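Novice: here you go, sequence then predicted model.
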Protein chains: 2
Amino acid sequence: MVKRKGNLTLPSETGFLKETKEILDRWGADAIRDSDGTKLSDELKNLDAKIYTTYFVSRGHNEFAKQNIDECQHLYLMSNFNIATSNTVEIKFMEGYFSEQVKPDYDHDPKKWWEVINRTTGEVIDIADWEVDSEKDIVKVNNTKEFHEYTVSFLVYAIWDPTQMYNHITNDWGDKEHDIPFDVRKEKSAKFIEEYMDKWLEENKDTDVVRFTTFFYHFTLVFNDNGKEKFVDWFGYSASVSPEALDAFEKEKGYRLRPEHIIDQGYYNSSFRIPSKEFLDFMDFQQQFVSKTAKKLVDKVHDAGKEALMFLGDNWIGTEPYGDYFENIGLDGVVGSVGDGATLRMISEIPHVKYTEGRFLPYFFPDTFREGNDPVIEAKDNWLSARRAIMRKPVDRIGYGGYLSLAYKFPKFVEYVENVADEFREIYDTINGVKPYSGLKVAILNSWGKIRSWQTFMVAHALWYKQIYSYLGILESLSGMSVDVEFISFDDVKSNGINEDIDVIINAGVEGTAFSGGSEWLDEKLISTVRKWVYNGGGFIGIGEPAAIHHQGRYFQLADALGVDRELSFSLSTDKYFDKEIEEHFITKDIKRAIDFGESMGNVYALTEKTEIIEYSNGEVHLSSNDYGKGRAVYIAGLPYNEDNSRLLMRSMFYASHKEEELYKYFADNTSVEVNAYPDIKKYAITNNTDEMQKSIIYDGNRNSYMVELKPGEIRWMNI
Amino acid sequence: MVKRKGNLTLPSETGFLKETKEILDRWGADAIRDSDGTKLSDELKNLDAKIYTTYFVSRGHNEFAKQNIDECQHLYLMSNFNIATSNTVEIKFMEGYFSEQVKPDYDHDPKKWWEVINRTTGEVIDIADWEVDSEKDIVKVNNTKEFHEYTVSFLVYAIWDPTQMYNHITNDWGDKEHDIPFDVRKEKSAKFIEEYMDKWLEENKDTDVVRFTTFFYHFTLVFNDNGKEKFVDWFGYSASVSPEALDAFEKEKGYRLRPEHIIDQGYYNSSFRIPSKEFLDFMDFQQQFVSKTAKKLVDKVHDAGKEALMFLGDNWIGTEPYGDYFENIGLDGVVGSVGDGATLRMISEIPHVKYTEGRFLPYFFPDTFREGNDPVIEAKDNWLSARRAIMRKPVDRIGYGGYLSLAYKFPKFVEYVENVADEFREIYDTINGVKPYSGLKVAILNSWGKIRSWQTFMVAHALWYKQIYSYLGILESLSGMSVDVEFISFDDVKSNGINEDIDVIINAGVEGTAFSGGSEWLDEKLISTVRKWVYNGGGFIGIGEPAAIHHQGRYFQLADALGVDRELSFSLSTDKYFDKEIEEHFITKDIKRAIDFGESMGNVYALTEKTEIIEYSNGEVHLSSNDYGKGRAVYIAGLPYNEDNSRLLMRSMFYASHKEEELYKYFADNTSVEVNAYPDIKKYAITNNTDEMQKSIIYDGNRNSYMVELKPGEIRWMNI
């Protein structure tokens, strides 16, 4: 059998022709790309493969940028908190910031664009009461109240592109010039990017795919005065701000934004914040601008007969692949980094493109590809995590990045990727475009809804944080589970109710965050709609602090449905009697070990004896279910990702939606094994998600069962 | 040497004369009391000892109560939450309540005295929209909003005294008559209690001390429909409510209370709730009434040549020994149950009485005094805990309760108490009235201040709760520490500032509670006064969630002083770099084991590198200190009581107040050993607080040190 080639992008570099040919062949690559720090020679470009070329729009053009420094990008920043020990306080607002990255913008009148706030009271200080010393970068505030705290919100020029800054500092690039980001909203820059694109397309005839890295505005990444990361928000819009943007915003939306709408008490509208109307308006406004402007470049790429591919990261702000304006850009594809199953789905589910591509790990960099280290371990882990998600919705292509010459020194790695590539193509050819069997449909309910599809609970792309892993496990579990997943917002529910096809709603997160919902739940329409829906038969799953806000004697506003609430110390006087675990429960049937609730949640208790307590320890309920009318609500204290927890969530959903019997269709009792079915092509696949042998009972589509034994990582195709 | 006798109260019982004489002699008792279920025979009353007789004012007089059932006591209760699944809902408001304890009061018009509340919105429902079915105990609410929740706040008659109910049910007293509590605010009852007192005094000539158990209103203790405890609040005023009281309140205070001011979302003004102005007014109003009315009885007791002693418990509501009106009652003494050091101080510090008495544990009941159990263990633990507090401020008397005949069967116990009695008298004779040496003065700052002296963080007297033990340890530590302790309120600070003699302020507890302070900290005056005080050299100790309320980018409103804040997930994007523990620190110097932070506190991080991180684990700060101006602020994640934690708190205080050198005056380096000095009498005492041998370096008043070895439980007196 001749193996099919294609669907794989290979990084290469000048001077590595022979080996590139070999790998091209072994991995079946049909595209070659450059990477940060590598170039493709003409010989490489003449190989039988498409050529991807990285393209920077708003950085990497320092000749232009330096001549038009007034068009460089802006950021809104907040100073430290400063205590007024007398009736005046001097604020060194640049304290803690990196002067190589940002510098105060004194060109636009601070009295118009800046704000001084009394953070003890929240009052904005009258502009007559403060003055700026632009020599010393100090704001002096007069008539302060003793022992109140003050901050300055100030506008800076962003004089170094954050990604280049990161690479520059990390790789010790010395006196290599700093890329100055310029703002395409400004006149000369707007003209420049179009002219340069034309010129570049003219000069790069052999490029087949223009890999935009990316468009105009970088996610928020601010360094401190030691040249280290100070603030990182992969979703942050702070670096898309400018006087021009704010003026245009006012014109379009009919009101003016305050600096505080961007500064947001120093939280800068982190996606954990319940978004204000003003911030949502600003996002909408920027998305429109970005899509309109990006479209001009993409059109040029198309006119030149090439494809336009967007990297999901770096300067991706405003593109919002799940937003309302993304389609207008007209991209051919999106490529993103695959950290796990959830990030794979984040890429593979992107609508309105011809193809999606996942860049797999490890990146071919010396940190992993060094003597004594086995890069296959990371590759295997990455592939097995991602494969779960691919079985549900594949990316169209896979790829790698970095120095191929490094990877080439690890023959076992080369061999492993060869196998991965073949397996990927086999899966893709079998299931692409085929709707996989789903036992039910779940909706993740939060403040963001669709626009943050597969992006909830994240701070920086795929990074671990103590405060999020107990929630990220929900997405990771769902990414490879045979259920349909949708992301809906509180506004969706208020405006349109809950769609009939939804079986289960999940609300999860820490109290007060956009994911749990906080004050959103005080909306009568929202709370009564969700209650009614559950009461009439819906399934609800609350994780962590669902629907939590202290109000009228309740903390979990859905306590009645959940059958549990959290003790805030106000009701200690009320006896809590219910602590008896149900001996065997549908939800925990396949789980043989102690459940890992991650950071878990303290002081949750059952309201009545009616609540089914499934896990109780340390004087607390961590897992429970409650019948509510014809519906059911399950509570889980936290759900970090592991195979058992993924199964626990799956069973919780089938239980909550009263579909217990349906679970045993295309199902494996071993939590390390999963079954995905594709009825339209009469096939199903059994996957061993581990690197060890696994035995499992398998249930087919008629709930008939049999035993299988699977090799490490095996995928076994069966006919229906 | 002839041993002195006195200062000890012995329980006795009819038919136990000979043994009583023996014990009286061995323990040196000078008073004999009856107990629940025991009587004293004439022979016992003729022994050479004062006679205490238990006296019930507003219960135990069923002949009167039954004839005047309209004067029985009231309670305000809240129904369960009821979901309206259509535009009407029927609320069985008595559901979950014990019909033998309470019955709905239909005599007072429910439309006037009850309230129906929409708990989804907080709205009070128009009285036209609901009706009461007094046959079925149902409130039917009309025009409800679908899937909103409703509660009924209703008035009930309290037809069974809670203490008798508890004893009755616990001891299976069968058809023994239920004590009906009557309300002395009502006309006939007011008259009855005076007449009965006169009569009783006439009939009980041989009583020396009338032991009031207690006055008029029981703390809130409500049972459920299984006859088990449903709600217990040792500080609760709910059972002091009545239509008469509310009418009188309106007359006195000039406004009318709503049922909700008592119901308080079902929390019933638990002392963990930040008290509303209305509830504080009600407390004040009831205290005035209670003190005025109790005084009449006390005066009669005095007129009869007897002493009036109040039991601190049961019907003690409104007496408030640390309140403004307690003095007016004119009591001779207060007796209370000693659970530990903190409860001892709660008794021994009571002002305006001639003497205080601690009733020690174990109570002579069959649960402890049974074959195979060693009651000495509990007695020793009780004594060693209480002795720490006695060294600071002794009660004037000790005593026991229950069946002496039971205790008598345990000769080792009899012997142990004999030693305790001698030791107590030795301590008392040495230090009573002598001011002990204090290294500094600490103020506990919360919503309650003085009135809840030694009563903070408690739910039910001396009971353990998972949510409080990490804070109760503060009081328990302080109860035996050589520092002066004061309790101050936020209002005190706002009105009078912070007294000059205070070295350290402690603010501790769970966010939003009266102990931590919640929204109180949004008061500009409070926050700036405390900041200024610390900045100018004060010491601040925050435990758990001090000064916590999310506002303007801060959670701990004193984050600037503490140098730490708690991550609520809004600032995950901000890098947290500071995790380096200081290797050796003054605060942890004597501590050899891992610190037990109890329930601890998650996600606390240092704001800058300036913060001294003393304990860091699990990605969190649990113990830190920060210099703030000339002052210092220490953060502790939780402080359950143990010897090490007591020392940790002590060192934290000396460190926070910059009195490090002063620590080594009358000090033991072993945390199991303590030193209390009494300069006025030129003595100091070294105590071994454990039941094991201990060695310690001791520092005298000139910081000269020497080594001692102490026997288990030893107290060693030294001359200065």
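Specialist: Cool, got the structure. Numbers count the residues shown, from 1 in each chain, chains lettered A, B, ... in the order given.
Novice: and the closest residue to chain B within the stretch 1-150 of chain A, what's its pLDDT?
Specialist: Closest contact between the stretch 1-150 of chain A and chain B, by C-beta to the nearest C-beta, is at A:Phe147 (3.8 Å). In this view, the C-beta of every residue, glycine as well, is placed from N, C-alpha and C. According to the prediction, A:Phe147 has pLDDT 98.
Novice: ok so it is a helix residue?
Specialist: No. Using DSSP: H, G, I helix; E, B strand; the rest coil, the assignment for A:Phe147 is coil, not a helix.
Novice: what distance do you get for it to B:Ala656?
Specialist: According to C-beta to C-beta, to the nearest Å, A:Phe147 and B:Ala656 sit 18 Å apart.
Novice: same question for A:Leu361.
Specialist: 49 Å.
Novice: who has more neighbours out of those two?
Specialist: For A:Leu361 versus B:Ala656, the count of surrounding residues by other C-beta atoms under 10 Å in any protein chain shown is larger for B:Ala656: 26 against 21.
Novice: phi, psi for the more buried one please.
Specialist: phi -60, psi -30 (degrees, to the nearest 10).
Novice: again, but for A:Val485
Specialist: phi -120, psi 130.
Novice: where does the residue lying closest to it once chain neighbours are set aside land in three-state SS?
Specialist: Using C-beta to C-beta, 6 or more residues apart in numbering or on different chains and skipping the chain neighbours, the partner closest in space to A:Val485 is A:Leu478 (5.1 Å). When classified by three-state DSSP, A:Leu478 comes out as helix.
Novice: so who does A:Leu478 touch?
Specialist: A:Ala342, A:Val442, A:Ile444, A:Val485, A:Leu649 (C-beta atoms under 8 Å, 6 or more residues apart in numbering or on different chains).
Novice: so the first one versus B:Leu649, what's the distance?
Specialist: Between A:Ala342 and B:Leu649 the distance, using C-beta to C-beta, works out to 45 Å.
Novice: burial count for A:Ser672?
Specialist: Quick note: A:Ser672 (other C-beta under 10 Å) scores 19 neighbours.
Novice: swap that for A:Ala548, please
Specialist: 28.
Novice: ok, it to B:Glu357 distance?
Specialist: On the measure of C-beta to C-beta, A:Ala548 and B:Glu357 end up 47 Å apart.
Novice: can you check A:Ala514 too?
Specialist: For A:Ala514 relative to B:Glu357 (C-beta to C-beta), the value is 58 Å.
Novice: kindly report the same for A:Lys435.
Specialist: Distance from A:Lys435 to B:Glu357, by C-beta to C-beta: 80 Å.
Novice: now do A:Lys253
Specialist: Relative to B:Glu357, and taking C-beta to C-beta, A:Lys253 is found at 73 Å.
Novice: of the two, who's got more company?
Specialist: B:Glu357 (29 against 15).
Novice: my read: the more buried one touches B:Gly333, true?
Specialist: Yes. Using C-beta atoms under 8 Å, B:Glu357 is in contact with B:Gly333, at 6.2 Å.
Novice: joint contacts of these two?
Specialist: B:Leu309, B:Asp396, B:Arg397.
Novice: list just the nearest of the residues you listed to chain A.
Specialist: So of these, ranked by how close each gets to chain A (C-beta to the nearest C-beta), first place is B:Leu309, at 28.1 Å.
Novice: which non-adjacent residue is nearest the closest residue to chain B within the stretch 201-350 of chain A?
Specialist: Of all residues in the stretch 201-350 of chain A, A:Gln265 sits closest to chain B, at 3.5 Å by C-beta to the nearest C-beta. By the measure of C-beta to C-beta, 6+ apart, the closest residue to A:Gln265 outside its immediate chain neighbours is B:Gly553, 3.5 Å from it.
Novice: report pLDDT for the one you found.
Specialist: 98.
Novice: related to what we said a few turns ago, now the residue of the stretch 1-150 of chain A closest to chain B. Nearest residue, chain neighbours left out?
Specialist: B:Ser528 (3.8 Å).
Novice: quick one, phi/psi of the one you found?
Specialist: Dihedral angles for B:Ser528 - degrees, to the nearest 10 - are phi -70, psi -30.
Novice: pLDDT value on it, please?
Specialist: B:Ser528 carries a pLDDT value of 97.
Novice: what about A:Met165, neighbour count?
Specialist: Neighbours of A:Met165 (other C-beta under 10 Å): 24.
Novice: return the residues in contact with A:Phe360.
Specialist: A:Val338, A:Ala379, A:Asn382, A:Trp383, A:Ala386, A:Ile398, A:Gly399, A:Tyr400, A:Val420.
Novice: let's go with 6 Å and repeat that
Specialist: A:Val338, A:Asn382, A:Ile398, A:Tyr400 (C-beta atoms under 6 Å, 6 or more residues apart in numbering or on different chains).
Novice: who does the third one bridge with?
Specialist: This means A:Ile398. A:Leu8, A:Gly358 (DSSP bridges).
Novice: that one: what's it in contact with?
Specialist: A:Leu8, A:Gly358, A:Phe360, A:Phe424.
Novice: neighbour-wise, which of these leads?
Specialist: A:Gly358 (29 neighbours).
Novice: so that one makes contact with A:Val338?
Specialist: Yes. Between A:Gly358 and A:Val338 there is a contact under C-beta atoms under 6 Å: 4.0 Å.
Novice: what are the ranges of the strands in the stretch 351-500 of chain A?
Specialist: A:355-359, A:397-399, A:441-446, A:484-489 (DSSP state E, counting those that start in this stretch).
Novice: tabulate these (TSV), appending mean pLDDT.
Specialist: As requested, the strands of the stretch 351-500 of chain A are arranged in TSV below (pLDDT from 0 to 100):
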stretch	mean pLDDT
strand A:355-359	98
strand A:397-399	98
strand A:441-446	98
strand A:484-489	98
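Novice: and of those strands, who's closest to B:Lys111?
Specialist: Among the strands of the stretch 351-500 of chain A, strand A:441-446 comes nearest to B:Lys111, with 40.6 Å by C-beta to C-beta.
Novice: find residues that contact each of A:Gly358 and A:Val338.
Specialist: What both A:Gly358 and A:Val338 touch, as defined by C-beta under 6 Å, 6+ apart, is the set A:Leu344.
Novice: could you count how many residues lie near A:Asn204?
Specialist: By other C-beta under 10 Å, neighbour count at A:Asn204 equals 16.
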